[in-house]
Each structure stands twice: as C-alpha cells, then as structure tokens.
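Asks: Provided below are the primary sequence and the corresponding predicted coordinates.
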Amino acid sequence: GGDKNTKEGEAGTSEVAGDLSGSIQIDGSSTVYPITEAVAEEFRAEAPDVKVTVGVSGSGGGFKKFSRGEIDIADASRSIKASEDSLAKANNISHVELSVAYDGLTVVVHPENNWVKDITVAELKKIWEPAAQGKIKKWNQIRPEWPDKEIHLYGAGVESGTYDYFTEAIVGKSHSSRGDYTASEDDNVLVQGVSTDPLALGFFGYAYYEENQTKLKAVPVDDQNDANGKGAILPSMESVKDGSYAPLSRPLFIYVNSKAAARPEVVNFVNFYLDNAAALSQEVGYIPMPAEKYKEEKAKFQQFVSGAAKK
Amino acid sequence: MSKKPYKLEARNLNAFYGGFHALKDINIAMEEKAVTAFIGPSGCGKSTFLRTLNRMNDYIDGFRVEGDILLDGRDIYGKDVRVDELRKEVGMVFQKPNPFPKTIFENVVYGLKIQGIKDKKVLTEAAERSLRQTALWEEVKDKMDKSALALSGGQQQRLCIARALAISPSVILMDEPTSALDPISTAKIEELIYELKNDYTIVIVTHNMQQAGRVSDQTAFFYMGELVEYAKTKTMFTSPKHERTQNYITGRFG
Amino acid sequence: MSKKPYKLEARNLNAFYGGFHALKDINIAMEEKAVTAFIGPSGCGKSTFLRTLNRMNDYIDGFRVEGDILLDGRDIYGKDVRVDELRKEVGMVFQKPNPFPKTIFENVVYGLKIQGIKDKKVLTEAAERSLRQTALWEEVKDKMDKSALALSGGQQQRLCIARALAISPSVILMDEPTSALDPISTAKIEELIYELKNDYTIVIVTHNMQQAGRVSDQTAFFYMGELVEYAKTKTMFTSPKHERTQNYITGRFG
Amino acid sequence: MRLLLKSHLACKNFPLRVQERIIEGLLWLSAVITILITAAIIWVLLSESVSFFSEVSIIDFLTDKEWTPLFAQKHFGILPLVAGTLLTTAIAIAVALPIGLTIAVYLNEYAPGRFKQTVKPLLEILATIPTVVYGFFALTVVTPFLQKIIPTLAGFNALSAGIVMGIMIIPMISSLSEDAISAVPRSLREAAYGMGSTRLQTAFGVMVPAASSGIVVSVILAISRAVGETMIVAIAAGQQPRLTLDPTVPIETITTYIVQVSLGDVPHGSLEYRTIFAAGITLFIFTFALNNLSFWIKKKYQEKYD
Amino acid sequence: MTNSDKNRLKDKAFQVFGIFCTFIGLVVLAIFLIDILIEGISRIDWDFITSLPSRRASRAGILTAWAGTLWILGLTSVIAFPLGIAAGVYLEEYSKKTKLANFLEINIANLAGVPSIIYGLLGMEIFGRILGLGGSLLSGALTLSLLILPIIIVTTREAIKAVPRSIRDASYALGASKWQTTWNQVLPASFGGILTGIILSLSRAVGEAAPLIVIGALAYVPFVPTSPTDEFTVLPIQIFNWTSRPQADFLVNAAAAIIILLLITFILNGIAVYLRSKWQNKVKW
Ligand SMILES: Nc1ncnc2c1ncn2[C@@H]1O[C@H](COP(=O)(O)OP(=O)(O)OP(=O)(O)O)[C@@H](O)[C@H]1O
Ligand SMILES: Nc1ncnc2c1ncn2[C@@H]1O[C@H](COP(=O)(O)OP(=O)(O)OP(=O)(O)O)[C@@H](O)[C@H]1O
Ligand SMILES: [Mg+2]
Ligand SMILES: [Mg+2]
C-alpha cells in the first residue's frame, strides 16, 4: 500500500505546499537520517522553494542543537533524556515526539554456521551481559550441543542508540554489556566482519541484514513470551510490524520544536512526513508502523500545533 | 699628495661572532676617492671588517659590533640610519659570485628596479654601461634574457660587479673580487678600479700583494683580528714598520 | 729530462652541454708524476675538461662526451669502468670550498671511512697528516669536532684539499684550488704540490700565471673550448708558439 | 601573498620605511595568529575537560587499565586508547619511514630526472585518496590477505590499519624528504663523488645528513598525520579499547573514540560526552610531547650550509 | 678491493630496493585506481554530476557535493595561503632569535601535529557555536584553514631556508630592503618548495572528512551553496555517507564520487606540479 499512501500524501498537501518558502533545519540520528532524507527529497517536489537540510550529528548532537533552538526538527533513535529536556525548557522550547517507523535489530551469524537455528533472549543475555566478559568465550557455553569453538561477537558501537536499545532489551539495563566485542558505528563494517568470520555472532539494523541476506544468516529470536508470537521469530516486515518480533524492534522518532511548529512550511513538512513515512521508510530499509499508528501521530501533531499556536 | 677628507672611519671597533672576538679595537680612517686595500692571512678578519662597513653582518645571528663606524662623519650604526639607504651608498661585491637566479638583464638592473626605476630605456642603458665597465658586454649582449647561472664562474663574478656598479654608490666594498677571475678579466677590473676612484671611494680585500700594490693608495694589514699596520701602499710595501707585516709581504708569491 | 710514461691522455675529445659545444677536439697527453697546468680565459672550458678527467660531469643533465680519455692506457669512459674506483684513483679539489656539513675530523676522514676503514687510530693519524700537509693542523687541531662550516673560506678550502689527499689518489685534479687562499697558505699549497709530484700526477687549473709557472712542468692553454697550445711550462712562458698564447701570457698581472 | 602584493603597490608613494613596518607588522600578525589558535584549542579542550576531571580523578584516568565510559560499569582509564594510538602509529611509521626515505633517496640519487618528475607527483596521489577508501581497502583487501599469513589475525586489527596508514603517509615522507635532499647544494654531492663515494654513500653519508632537518620535518608531519588519522582506524582497527601491543587484535585509538562519540547518540553536556574532550586533551598533550621531542632533535642536529 | 666490491654491491642492492619501494607505492596506487575505476566509472555520467543527492542510488548525484568541495577549496585557499605564507616568511626572514620567535616555532611545529579531529572540536566550538556560523561553508573553511596553516608555514619555511644566504647578501648589498629582498629574491627562489606545501595541504583539505563531520557538515543538502554562510556538503562526506548505507548500489555511487574527488585533486596537483617544475627549472644553483 506504499504507493497509494504516497499519492494520497501528495494530493493532501500539494495545493498549499507549492507556495511555501523558507528553510527547515533537521539534524540528529544517523539511523533516522535515511527516512528523513527520503521525505525531504520527496518534499522538494511538493515545495521546491523550501530548503530542507538534514544533518547527521547523532541523536545526542541533534538533541543538543534542538534544545538550544538551533534546529527545527530532531531525528532520534531514542527518547529525549531528562537533561536534554531541561535544557530545552530553559530555552523556552517545548516539543512533540512523533514515531515514524520501526527498526528491527537483527541477530546474525555467518551463513556457514549450521548449529545456530534459533536463540532465546535469555541466551543472548548470557552472552552479552557484563558478567560474561572474559568468561563466555565458546559456543558450547551457551548451549552444550553447540560446538566447542570460540564465539566472536560483533555489535553496534557503545555510543549508538542501537547499542543503547539492544542492551536495554536484552540485558535489561541500558549501557550494560560486556566490552570485549568488536564494535563499529558503521553497520557495513559489521556486515563485513560477520560475513567473513564463521564463528561470528552479531547484531545490527534490519536494513543492513536485508541488503546482505546472501552473506549473512539471521537468527530467529525467542522471547519465551507467547503473548507476542510463539517460539523463535525471524525479523521481517510482518513480524516487526505486528509486534511479534520482540523485544528487538524499536521505534524511531522525530521531535518537532514548538517555535518551528508555528511556521507553515514546517507544519506542512511534518504532515507530509507522516503521510509518506510508511512508504518511504520501507523503501530505505526500515519497517513502517501500522496505518492507524500514523493517524494517531498525525493527530498528536495537530494538537501540538494548535497548542503551540495558542501560546 | 694633498690630504683628502675622510670618507669612512672606524673608531675603537670591536666585533664578535657570539663569543668569538673577530675584530679587536680597530681604528682606521679611509680617504675619499681613494682605494684602500685590506690584506692579511686567511681568517684574520678582513671580510668581517669589510662587511661591518655596510652592516652586511647585521643579519648574522650573534654578530655584535662595539665602537663606531663613520661614513661622511655620521655613525652608520646610529639609530636614525637606514640600512637600505646606507647600502645604496656603500655597494658591495662578494668573494663568491652570487648572481640571482634570474636573467642577466634582471641581475644588472635589480638595484635600479628596487629603487622604483621602471623606464625600460634607462634600465637598458644602465645595464649596457655597467656590463661594458666589467668587460662583460661583448660576451653576454646576445643572451641578456638567459639565466645568469649558466655563465662560468668568472663571468658570474663580473656580472656581480656590474650589478653593484649599476646603482652608482659612493663607496664600493670588494671582497676578493677577482679571486675567481682570469688575468685578462682581472686586469680589466683593476683598470676599472683605477678609473672608478676618480668618483668613488673603494675598499678592496685581496690576498694578492701585486694587486694591492697596483690598485691601492692605502693598505691595511690585519692579523688575528687586529689592524697591525695601516699606511700608504708604497710605504708599506717598501718599508713596513712591523715585523709581521714584513714577514707577510715578503712571503709573497701571488 | 727523461721521457716519463703518459698517465692521462685525451683523444679527439669533444664535450657538449646540451647543444653547447664546450670542448672541441682536444688531444693531450699528461705525464706521470708531473704537474700539468691548464690556463686560459674565463669560460674557455678549463673546468669542463678537468671534470671530464674523473667523470664529474656525468651527473649534469645533457652533458655528453665524445672521444676517449685514457688513464694508464684504459678508457675511463669504457663500459667496465667503475666510476667510484676511478674517483678514488683521480681525486679532486674544487674551485669553491665545499666542506661537508660535518665536523672537521669527519671531513678529512670521509674518504677513508667510505672505504671501510674504521680503526680510530688510523683515521686520526691520516687526518693529522693530511691537515699538516695543507698547513691547517695548527689552526684546527683543537676544534676537530667542530663544524667545518665555521671555518673561514680559506680554511675551508685547505680542509677540502686535506680531504682529497687523505685517500691518497694517484692523480689529483685541482680547479683553481688557491683562488680563495691568502698568499701564505697558497705558498704552502704550492710547496705541497711540488712535493706531491714525486708520487702523484697533478692537474691544476689556475688563472694565476706565476702559479702556473712555479708549480707546473707542462702547461696547456685553452681558448674558447680549444686546446691552443700545450708545451713544457718553461718553453710556453718563454717562447709561446701561438699569438693567442703570447697575448694571454703577456697580458698577465697575477 | 596577493594581498600583500597589492598593498606593496598601493603604498608606492608611502615612505619605504613605513611600508616596511606595515608589512612586517602584517607578517608578524600572521605568525602570532598561530598562538591564538593554540590558545583556542587549549581553551576549548580545557573548558570541557575541567568539569570532566572534577568528576573523574586524574589518577584513575592515567592509571586505570580499562576505558568503558559508556558502559554501565564505567572505567575512565585512557591507557588503552593511548596504546591503540601508539600501536597503529608505530606500525604506520615502520612502514612509511623506510619506504618513504628509500624512495626519496632513490629518486634523488639514482633515478633519471624524467622518471623522478613523473613518479613523485604520482606518489603524492596516495596522500590525496580519501581515508574512508583506505579504511575499506584495509578491511576488505589487506586483512583477508594477512589472514592467509597469520591465521590468528582478527577481522579488525591494528596491523592492517597501521600498514595501510603507512602506505598513505609514504608520499609525505618521500616528497618532503626528496625536496630537502634536492635543496642540498650540488657542490656537496660533487665533493662526495669526487672522493669516490658510491651513490649510496653519497646519499646516506652526505646528502641525508645535510638534509636532516627537512627530513625530520617530513617525519613529524607524517607522524602527526598517523596519530590524528581517524577514518582508517575507525573502519579497520576495530573499536575495542584494549591495553595491548598485540597488533593482531582489535583496538581503539583516541581519534576513533572522539569521532564516534561525536557522531553517536550520547547526550551532549553529559559526563560521557566530556570524555571526548578528555581524550582530546590527551591526544593534544601526546602530540605536543612528541613534537617537542622532534623539534629538539631537529634543533640539535640541524646543519647549516650555504 | 673487497671493500669496494662490497660497497658497490650495497649500492646496487639499494638501487634494486629503491626501485622496489617506489613500485610498491605505485602498485598500491594502481590497485586502488583500477579497483575504484572498475567499480565506479560506469556510474559517472552527466546526470550523476548534475543531480542532487537522493535516497535512490540510481538517482543520487553529487552536484551539491562537488560544488561544496570547490567552495571549501576556494575559501580555504583565500584564508590559509596568505596567512600561512606570511607567517612562514615572518618566522624565517624577519623574526630575531627571541624567546617569542622560539615559542612561535615550537608552537607551529605543535600545531602541525594536532590531529584533524581536534581542529574539528575547535571549529565546532569557536566557529560553529561562539561565532554562530553553525555547519556553514565559512565555518568549514575556517576549520580546514587552521588545519592546513601549520603545513603551509612549515613547508614555506623549509623552502625559504633552502635559498642560499649569498642571494640575500647580494640583494641587501644593492640597497634592497628586507621586504624587497623577500619579495624579489627569496619568494621567487623558494616558490617551488612553497607550492609543494600548498599541494600537500590542499590535497589534505580536499580529502578531509573527520573535522567537518565534527562541525556538523554531514548532511543532506539539496541545494548548491550560494554564499559562505550556506550549509554545505563535500565529496568526502558524501562518500562517507554513501559507504555507510546498507544498499550496495550506494557503494558504486561512492566509488564514482571517489573518481570525481580524485579528478579534482589531480587537476589541482597537475596545475601545481606544472608550476613547480617550471619554477624549479628556473632556480638552480
Ligand atoms: N658566521 C661566522 N660565525 C662564527 N665565526 C665566523 C663567522 N664568519 C667568520 N668567522 C670567523 O671569524 C674569523 C674571521 O673571518 P673572516 O671571514 O673575516 O676572515 P678573512 O680574513 O676574510 O679570511 P679569508 O681570507 O679566508 O676570506 C675567522 O676565524 C672565522 O672562522
Ligand atoms: N652546467 C652547464 N650548462 C651549460 N653550460 C655550461 C655549464 N657549465 C659551464 N658551461 C659553459 O661552458 C663553458 C666553459 O665553462 P667552464 O666552467 O669549463 O669554464 P672555465 O674555463 O672553467 O672558466 P672559469 O675560469 O671562469 O672557471 C662556459 O661558456 C660556460 O658558460
Ligand atoms: Mg674573507
Ligand atoms: Mg672554472
């Protein structure tokens, strides 16, 4: 239904958007960047005179600029932290958080790895928790039937939202994990690492798995909670969208500045964003939310805009 | 011989390279429109003294002068003296040929150009005149726009002399100017020096006794940084007062 | 005088700097253990010829030689000739002093060191011997480990001569070796040349007629790249065959 | 330079002395700006580091053997990052110095002029290839190749990052050293050849020592480039702070850490964020010490000639 | 004789080693170029050069990136060259051996060693935040200028140092002032060396990504900058951006962009090498 969505979006905003001008500054997470970039690119066709720039300073960098009022919209792969929020308040900036898509963190092994058929969250925790450091070194320490071979771990860099989310979901506490694994903030580098190392186990964003399916093998994850899908579940559009790929799917956000929300080009852009996010996020390798979720977000934004206008 | 006024005078001059005392309490007065020759063994300080006369050693780190040098009665190390003006007044020719890596023409007219003279005709004439004075004109007139570095050593040195003459200074300092020249060119230069002293005051360092004898009116003999003897050239060569001078001059071969 | 064997011989030698014909059909044979002087006006090709005798010009781009140069009857431009061996055989002293930016000691023993001699005693002795030969020992014996560049021009040149002597070549080429020296040092060098010719073949370029007369057995007069006259020095100075030679020698002053 | 030329001409009617003063003043100002830059760097680094060190003891920072500021159990020992930086730099210099200097000497003393004029700029291209490209080259070509020789070599390691970094800085050493050697007066070379030196002896006995100050400068520039290089190590050396000198395992350098945190999702103004300034000031002090050392060496052994 | 044979052998051995080393460099270079050409050349067409960035690899172009790169180069040159050369000239020709000069000298050697990433931090704070230039062209150019300034100063000084004392003597003796000597003799004679420094520094500036990333220039900028205060992107950043995309097609784009980036540096180098050889042939002693 992506195509249809796009068309609707265009139809819904084009009359107004064509006359808009001005510029919109967006910055923040590198994970959200591809979606925002795609939206900005399409928005250009709608409102050619609006200059949209999308920076990549990381969620932290984005929130910093956002809180100081330097940018209109922040891309984020995590929620705003209290400290960041209070800085924004100090600068008289209020904001709205809008979810725009899901990312499914994918656990992968080398394609020649024939022993791992699935893995449980508990096992993942055993591998990744801080106590495992220097102790869990072999596959058979996780499941006795797995071979007596070294296990080589690959994962997102500690400063990334991906790591943040993974540790939260698996270990139960954010930023709590072992340190002796190979980290990179560049997921392509991790793809390269896992695809050349038969003893590897790694995790990264779904998009990178999707693009490299021949070089990697995704591992179904069992959260041992039958409420969201029975048994081990592979990440896919469906399983992430319907929530059965738990706990490793996470939402991605944009934050809109209250002052910016008073500007028509920003309002138009955000509406356009929510109208098209489903199709565009899928196109760049993320997983769209259900349609009703976008409606909710749109309503939330509408309310925010009118709230901001009142001020 | 009528007493000419003093053009250059050194009073209690001492010079140091860092801790090394290169010139020791030099007192000397050089006549205007005369040729003064500095002689003395290698390392005795001839070049050092010559270079203090137009402050060429200003740029050597650690070099220091005490005492006065007067040009036309004015201390050239005085506060109000401008070194560039001084050097236009006191030209210099060096021991090793040092042409600029430019064309022959550019070399000769360099001094004029930096004075702001741009008129092509004036420059060309000045170049020809100076090159003729140094007997170089015939050899280079067809390659004025060739690099000066392609000339032989002797040609290069004569070019440097021509370059110094082009700005018509009133004093010309020459540091063994002919040591890289063949006799024919040397003779021409010596003749030139002889002619020049009608208009210029010339100070020449030479290790060549005959040259000193031929071209100079006064000769100063230096030894180990000291001025041992200073007298009319004839007097010095015929009846030196000091034994050292005697020894040096009679040990001559050049 | 008994006919000595020829040490060095040039046959139909032509030399070119790119398109410029610097030496024209030179034929000359130099006796062993004798001093041959090259004289001639500036730019006539003396240095060029001297440098072809130990192939120093090999490294100049565009320089080219035609004809043969024989050292002990063997063509030094032959295929099997090793340039470094040739240069150990044929030492050289240059017109401009060119000491290495090293200590005085390192300069003198450089040639020995590169031959693999490491014995400190041997080196020290060789250094002292060569420095004495060039009358430099007394002046530098206390600063052997100081930079050679701090010496005066004359001292530097004598150091370069000492450096060349230290490797005891059989031929020594000297390109105006005394042009930067004072008469006393010059005299010592000349005496030295006189002594050396008991053991060595010496070729010296000079612009100083007296020097040529004093030190050399044979003299070669060059003019515009040609060898005009080559004869016993006495003969040449008393009764030159060619008018050009006559003119050059009688125009002498040095 | 053009600006100065203009002022030179414009001031034609000015007294020469005033003009000279103005020019000297301008030149002086340009030189003094470099002090301002240093002051600014120190100020920027210090202002954030001060609050970092008010929370983390400097003793821990210098002695703790673990660097895990972003983990739940935080350790703030800079040593692993320093070790990683030193290791990759040492490997790079071990590759680049012999090769670069050899090339410089070869081009100067042995190669025909035409060859030199072609090869030198060609090699300079190596320094212009974006380092991102080098990073992937190290990861996808050099590491697999080295793994054939050293089977235990990890997929991310200091060795291949260092080697590739070395290749990148070869032209810095070869070009600048060659320039320095060319600048040695020809008379010195002639003196050496005149004594029967082989080309090798001339090169290493006379030319290289005479050009030593220029060569040292080229090496300083190369080292500083290696120490500060970010992208290659970030991609190919891993991001695992580890106190080791083993070149076969993943490590992390200071620069890698800085660029990753500044790109990452860490909240600005937090203690975690300030670690990059603490790391930055370490890097700064480290290069500062290194530079002073080479500077001192250069001053001490520099030869002057004319 | 044996010693001399040994020496000759060493000489030959070094020659072989020299050729070997030179060819290592050239071979690695060839591998790079061929590899990149194979991967990227087919992607380069007019559209690629004139298109804006896009999420679709096949539609994405580098218009804004190369325009940004040219802007940055221009601005950086205008800022850094006069400053760097002037500072080099001051230190080599003017400054007496005072404490200040000595301090300046050490300071510059140190600046040359400061990693680019730290200049990024500096640029972010001073230009980005305090001067409020954000991630603009001016902010990027100023940052890169600071980065290459020491390189220019150091190489300018080395080049000036190589000019023989005798040339200055000759000029001073003809009454030339310090500046006249510098301008007419020292600078022309050292221009070859100065150009080498400029080549190296410019090619460094053009390929630099890390400090620009820190000042926040990693961005989607769908318009060509028209003034120094505009936001921008440059080729290395575009390349970095593309290589971190999951879609393999973007790697082809990156390779194509690398070819263009190399082309720009080749043209730059070509001009400078030409000028340098012209100067070097003119100045020889
Ligand atoms: N730049 C310098 N630094 C230190 N000492 C120097 C310097 N220049 C010259 N000297 C020393 O000063 C003394 C005098 O040198 P100077 O060049 O004046 O001698 P000179 O009489 O010209 O000798 P020559 O006839 O060899 O040219 C020498 O002992 C020399 O070593
Ligand atoms: N490297 C060179 N390239 C081109 N021409 C040169 C070169 N060296 C010398 N020449 C020319 O060759 C001719 C002979 O030069 P050479 O140096 O042999 O003269 P010379 O007799 O030694 O003169 P001098 O007495 O001045 O040293 C001169 O005309 C000179 O201009
Ligand atoms: Mg002297
Ligand atoms: Mg000669």
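Replies: Okay, I see it. Ligands and ions are numbered 1, 2, ... in the order given.
Asks: Every contact and neighbour count from this point should use C-alpha atoms.
Replies: Fine.
Asks: Let me know how buried A:Glu159 is, in neighbour terms.
Replies: Using other C-alpha atoms under 10 Å in any protein chain shown, A:Glu159 has 29 neighbouring residues.
Asks: Test my guess that it contacts D:Gly264.
Replies: Yes. Using C-alpha atoms under 8 Å, A:Glu159 makes contact with D:Gly264 at a distance of 5.0 Å.
Asks: For D:Pro130, list the residues it contacts.
Replies: E:Gly207, E:Glu208, E:Pro236, E:Ile258 (C-alpha atoms under 8 Å, 6 or more residues apart in numbering or on different chains).
Asks: Between which two of those is the distance greatest?
Replies: Across the contacts of D:Pro130, the longest distance by C-alpha to C-alpha is 12.7 Å; it joins E:Glu208 and E:Ile258.
Asks: Could you name every residue contacting both of the two?
Replies: With C-alpha under 8 Å, 6+ apart, E:Glu208 and E:Ile258 have common neighbours D:Pro130, E:Pro236.
Asks: hey, where'd the strands end up in the stretch 151-285 of chain E?
Replies: Ranges of strands within the stretch 151-285 of chain E are E:219-220, based on DSSP state E, counting those that start in this stretch.
Asks: what pLDDT does the closest residue to D:Thr38 other than its chain neighbours get?
Replies: In space, and not counting its chain neighbours, D:Thr38 is closest to E:Leu111: 7.0 Å by C-alpha to C-alpha, 6 or more residues apart in numbering or on different chains. You'll see E:Leu111 listed with a pLDDT of 83.
Asks: is it true that E:Leu111 lies in a helix?
Replies: Yes. The assignment for E:Leu111 by DSSP: H, G, I helix; E, B strand; the rest coil puts it in a helix.
Asks: re the thing from before, any idea which of the contacts of D:Pro130 is closest to chain A?
Replies: E:Pro236 (14.5 Å; C-alpha to the nearest C-alpha).
Asks: Would you confirm that the closest one contacts E:Pro211?
Replies: No. Between E:Pro236 and E:Pro211 there is no contact under C-alpha under 8 Å: 11.3 Å.
Asks: more neighbours, those two?
Replies: E:Pro236 (29 against 25).
Asks: tell me the contacts of the more buried one?
Replies: E:Pro236 sits in contact with D:Pro130, D:Val132, E:Val206, E:Gly207, E:Glu208, E:Ala209, E:Ile258, E:Leu261, where contact means C-alpha under 8 Å, 6+ apart.
Asks: Which ones among these lie within helices?
Replies: Using DSSP state H to define helices, the subset of those located there is D:Val132, E:Val206, E:Gly207, E:Ile258, E:Leu261.
Asks: tell me the pLDDT at the spatially closest residue to the third one that is not a sequence neighbour?
Replies: If I follow you right, that is E:Gly207. Leaving out its chain neighbours, the residue that sits closest to E:Gly207 by C-alpha to C-alpha, 6+ apart is D:Pro130, at 4.9 Å. As predicted, D:Pro130 sits at a pLDDT of 74.
Asks: what's the neighbour count on whichever residue of chain D sits closest to ligand 2?
Replies: Taking C-alpha to the nearest ligand atom as the measure, the point where chain D comes nearest ligand 2 is D:Arg186, at 11.3 Å. Using other C-alpha under 10 Å, D:Arg186 has 14 other residues around it.
Asks: sorry, back to before: nearest to chain B among the contacts of E:Pro236?
Replies: E:Val206 (33.8 Å).
Asks: Can you tell me how far that closest one is from E:Val28?
Replies: Per C-alpha to C-alpha, to the nearest Å, E:Val206 is found 21 Å from E:Val28.
Asks: try E:Arg157
Replies: E:Arg157 sits 32 Å away from E:Val28, going by C-alpha to C-alpha.
Asks: swap in E:Ala254?
Replies: For E:Ala254 relative to E:Val28 (C-alpha to C-alpha), the value is 20 Å.
Asks: near chain A, which residues of the stretch 151-300 of chain D?
Replies: Counting by C-alpha under 8 Å from any C-alpha of the partner chain, the stretch 151-300 of chain D comes close to chain A at D:155-156, D:234-235, D:238-240, D:250, D:260-268.
Asks: For ChimeraX, write a command that selects the buried ones of the residues you listed.
Replies: Restricted to buried positions by 16 or more other C-alpha atoms under 10 Å in any protein chain shown, the ChimeraX selection for these reads:
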select /D:155,156,234,235,238,239,240,250,260,261,262,263,264,265,266,267,268
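Asks: So which of the residues of the stretch 151-300 of chain D next to chain A sit within helices?
Replies: Taking DSSP H, the ones among those that sit in helices are D:Ala234, D:Ile235, D:Gln260, D:Val261, D:Ser262, D:Leu263.
Asks: can you redo those residues as JSON lines with distance to A:Asn257 and pLDDT?
Replies: Below are those laid out as JSON lines (distance: C-alpha to C-alpha, whole Å; pLDDT from 0 to 100):
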{"residue": "D:Ala234", "distance to A:Asn257": "34", "pLDDT": "84"}
{"residue": "D:Ile235", "distance to A:Asn257": "35", "pLDDT": "81"}
{"residue": "D:Gln260", "distance to A:Asn257": "26", "pLDDT": "78"}
{"residue": "D:Val261", "distance to A:Asn257": "24", "pLDDT": "80"}
{"residue": "D:Ser262", "distance to A:Asn257": "22", "pLDDT": "75"}
{"residue": "D:Leu263", "distance to A:Asn257": "22", "pLDDT": "72"}
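Asks: Max pairwise distance over the residues you listed: which two?
Replies: Top of the distance list for those (C-alpha to C-alpha): D:Ile235 and D:Ser262, 15.8 Å.
Asks: E:Arg157 and E:Val28: which is more packed in?
Replies: Set E:Arg157 next to E:Val28 and count neighbours by other C-alpha under 10 Å: E:Arg157 wins out with 24 against 16.
Asks: Report pLDDT for that one.
Replies: Looking at E:Arg157, the pLDDT reads 88.
Asks: swap in B:Gln155?
Replies: On pLDDT, B:Gln155 comes in at 83.
Asks: tally of neighbours for A:Lys300?
Replies: 14.
Asks: residues contacting it?
Replies: By C-alpha under 8 Å, 6+ apart, the contact list for A:Lys300 reads A:Leu98.
Asks: Would you verify that it is located in a helix?
Replies: Yes. According to three-state DSSP, A:Lys300 belongs to a helix.
Asks: Phi and psi next, for E:Ser136.
Replies: phi -80, psi 170 (degrees, to the nearest 10).
Asks: Next one: it from ligand 1, what distance?
Replies: Separation of E:Ser136 from ligand 1 (C-alpha to the nearest ligand atom, to the nearest Å): 52 Å.
Asks: With adjacent residues omitted, what lies nearest to that residue?
Replies: Leaving aside its sequence neighbours, E:Ser136 sits nearest to E:Glu231 (C-alpha to C-alpha, 6+ apart; 4.3 Å).
Asks: isn't the one you found right up against E:Leu137?
Replies: Yes. Applying C-alpha under 8 Å, one finds E:Glu231 in contact with E:Leu137, separated by 5.9 Å.
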